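*Asks:* here are the coordinates; sequence isn't available:
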């Protein structure tokens with residue numbers, strides 16, 4: 001009996017059994033497995049601070065500068081908080097062996113990774129819907145001067161479609177398998193929906209709706225009588241460089257490529273990384289257009305670039321490069337939608353702005369006073385000096401130094 005015990009105690013430990021058989025020519029490496037965790041850490045380290053800074057700046061402008069807080073701001077706050085939570089779930093997925101090859105982890109570790117991927121997928125579906133709703137509410141406030149116009153109806157229909165689609169897909173992801181425990185452990189008896197089909201459908205819907213949402217401000221701005229460069233800059237402000245559709249396109253391609261791959265512990269978290277980029281770009285699209293009132297405060301930090309020299313005609317002209325190029329320029333009189341074109345160039349009246357123009361309600365003091373917009377036709381503004389000369393209709397303007405621009409945060413040095 002004692003020798004038998006000695007033999008048992010001296011036997012080697014059980015060999016490693018991978019959750020997935022490695023492909024030919026590949027050897028399992030459970031001690032030092034390849035991992036997507038470092039990409040996840042890098043994505044989180046870059047995106048979370050950026051979207052948080054932009055969100056806090058937007059919140060400051062809305063509360064302390066514009067002193068307004070509407071449903072759009074509630075959606076934006078929920079989008080930011082939910083995106084931060086998504087990054088936390090992404091990191092938890094990587095901690096529980098997500099982003100590692102199936103042949104480098106055990107079956108138990110693969111079950112843990114599958115569980116956390118399902119949680120992240122549910123969170124993504126909810127938050128991408130909230131982010132897109134926040135963007136659409138922004139477009140509705142800015143570009144829809146009249147309720148139930150064709151443009152307003154298009155936004156409303158898209159809002160209903162988004163809520164319906166993401167509500168259904170979220171329900172499907174929650175009850176993906178019966179019993180639900182089968183989501184993490186495929187060996188449990190039961191049945192599941194085709195997850196690959198769900199991922200492909202979700203990816204294609206994201207791809208289509210992101211480009212539809214991109215088309216909305218492009219369609220609204222391109223009808224105005226403005227230069228192409230100015231139109232492109234305005235679209236850039238409201239889409240933040242087209243980042244969201246680009247990430248949606250890449251995410252769609254990744255879903256198509258990875259949805260049927262058996263190495264789910266590696267391929268599925270790869271989809272989550274592109275989802276994180278899409279959520280982050282959507283948050284920036286909501287926040288960036290509201291930051292105009294902060295530009296005068298930023299420009300005040302660079303006084304050496306705000307000197308104004310009198311021109312030969314007696315008007316104030318800034319040195320080359322002293323003024324930021326105008327982002328929004330007044331449309332030509334008589335152009336399409338001219339009655340709604342305000343001196344900002346986009347010029348659609350804010351429906352809930354109490355009769356204020358788009359420039360006064362949406363970009364009242366930042367984009368305009370910093371030189372990113374254009375004042376009334378009879379006003380000549382010198383960037384940084386707060387100097388203003390008013391001209392009568394058809395007359396020339398005389399600039400008086402020392403007078404402050406109305407509504408400007410800049411002061412003469």
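*Replies:* Received the coordinates, thanks. Computed from a predicted structure; not experimentally measured.

*Asks:* Backbone dihedrals for residue 68, both of them.
*Replies:* phi -140, psi 150 (degrees, to the nearest 10).

*Asks:* from memory it sits against residue 62, does it?
*Replies:* Yes: between residue 68 and residue 62 there is a contact at 6.2 Å, judged by CB atoms under 8 Å. From N, CA and C alone the C-beta is placed, and that goes for glycine too.

*Asks:* between the two, which one's more packed in?
*Replies:* Between residue 68 and residue 62, counted using other CB atoms under 10 Å, residue 62 has the larger neighbour count: 19 against 13.

*Asks:* Now do the more buried one, the pLDDT please.
*Replies:* Residue 62 is assigned a pLDDT of 95 by the prediction.

*Asks:* next one: residue 9
*Replies:* The confidence metric pLDDT takes the value 40 at residue 9.

*Asks:* Likewise for residue 297?
*Replies:* Predicted confidence (pLDDT) for residue 297: 77.

*Asks:* Then residue 241?
*Replies:* 53.

*Asks:* The helix or strand hosting residue 235 - contacts with which helices or strands?
*Replies:* Using DSSP states H and E, residue 235 sits in helix 228-239. Counting contacts by 3 or more CB pairs under 8 Å, 6 or more residues apart in numbering; DSSP states H and E, helix 228-239 is packed against helix 107-143, helix 195-222.

*Asks:* Highest mean neighbour count out of the ones you listed?
*Replies:* helix 107-143 (a mean of 22; mean count of other CB atoms under 10 Å).

*Asks:* now the following helix or strand past that helix against helix 195-222, angle please.
*Replies:* Counting by DSSP H and E, the element after helix 107-143 in chain order, helix or strand, is helix 150-174. Counting by axes from the mean of the first three to the mean of the last three CA atoms, to 10 degrees, helix 150-174 lies at 160 degrees to helix 195-222.

*Asks:* counting contacts, what elements does the next helix or strand after helix 150-174 pack onto?
*Replies:* As assigned by DSSP H and E, the chain's next helix or strand after helix 150-174 is strand 177-178. The helices and strands touching strand 177-178, judged by 3+ CB pairs under 8 Å, 6+ apart, are strand 191-192.

*Asks:* which residues are contacting the strand it packs on?
*Replies:* Strand 191-192 is touched from outside by 176-178, 182-183, with contacts defined as CB atoms under 8 Å, 6 or more residues apart in numbering.

*Asks:* do the same with stretch 166-184
*Replies:* 111-112, 114-115, 118, 121-122, 125-126, 128-129, 188-193, 195, 198, 201-202.

*Asks:* what does stretch 66-77 give?
*Replies:* Outside of stretch 66-77, the residues that reach it under the criterion CB under 8 Å, 6+ apart are 55, 58-59, 62-63, 130, 133-134, 137-138, 141, 283, 286-287, 293, 352, 364.

*Asks:* Quick check: end-to-end length of it?
*Replies:* 17 Å (CA to CA, to the nearest Å).

*Asks:* buried stuff in it?
*Replies:* Within stretch 66-77, the residues that count as buried by 16 or more other CB atoms under 10 Å are 72-73, 75-77.

*Asks:* hang on, residue 139 packs against residue 215?
*Replies:* No: with contact defined as CB under 8 Å, residue 139 does not reach residue 215; the gap is 10.7 Å.

*Asks:* From residue 301, how far out is the nearest residue to residue 155 once chain neighbours are set aside?
*Replies:* Counting by CB to CB, 6 or more residues apart in numbering, residue 155 lies nearest to residue 140, which is 5.0 Å off, once chain neighbours are set aside. Per CB to CB, to the nearest Å, residue 140 is found 35 Å from residue 301.

*Asks:* One more: residue 91?
*Replies:* Distance from residue 91 to residue 301, by CB to CB: 35 Å.

*Asks:* try residue 46
*Replies:* 25 Å.

*Asks:* More neighbours: the two, which one.
*Replies:* Each of residue 46 and residue 301 has its neighbours counted (other CB under 10 Å); residue 46 has more, 13 against 7.

*Asks:* Give the rounded mean pLDDT of the helix or strand harbouring residue 284.
*Replies:* Applying DSSP H and E as the criterion places residue 284 in helix 264-287. For helix 264-287, mean pLDDT is 90.

*Asks:* next one: stretch 119-139
*Replies:* Stretch 119-139 comes out at a mean pLDDT of 94.

*Asks:* can you check stretch 151-171 too?
*Replies:* Mean predicted lDDT for stretch 151-171 stands at 94.

*Asks:* and it, which residues are buried?
*Replies:* Buried, per 16+ other CB under 10 Å, within stretch 151-171: 151-152, 154-155, 158-159, 162, 165-166, 169-170.

*Asks:* again, but for stretch 296-303
*Replies:* 296, 299.

*Asks:* How many residues are close by residue 89?
*Replies:* Residue 89: 18 neighbours (other CB under 10 Å).

*Asks:* Need the nearest residue in space to it, chain neighbours excluded.
*Replies:* In space, residue 89 is closest to residue 120, 4.6 Å off (CB to CB, 6+ apart).

*Asks:* Contact partners for the one you found?
*Replies:* Contacts of residue 120 (CB under 8 Å, 6+ apart): 86, 89-90, 93, 272, 275.

*Asks:* And the residues you listed, which is closest to residue 245?
*Replies:* residue 275 (14.3 Å; CB to CB).

*Asks:* I figured the closest one was touching residue 125, is that so?
*Replies:* No: applying CB under 8 Å, one finds residue 275 not in contact with residue 125, separated by 9.4 Å.

*Asks:* Where does the prediction get shaky in the chain?
*Replies:* Applying pLDDT under 70 to the chain picks out residues 1-14, 239-242, 259-260, 303-413.

*Asks:* can you list the domains in it?
*Replies:* Domain assignment of the chain by automatic domain parsing yields the ranges 37-291, 300-413.
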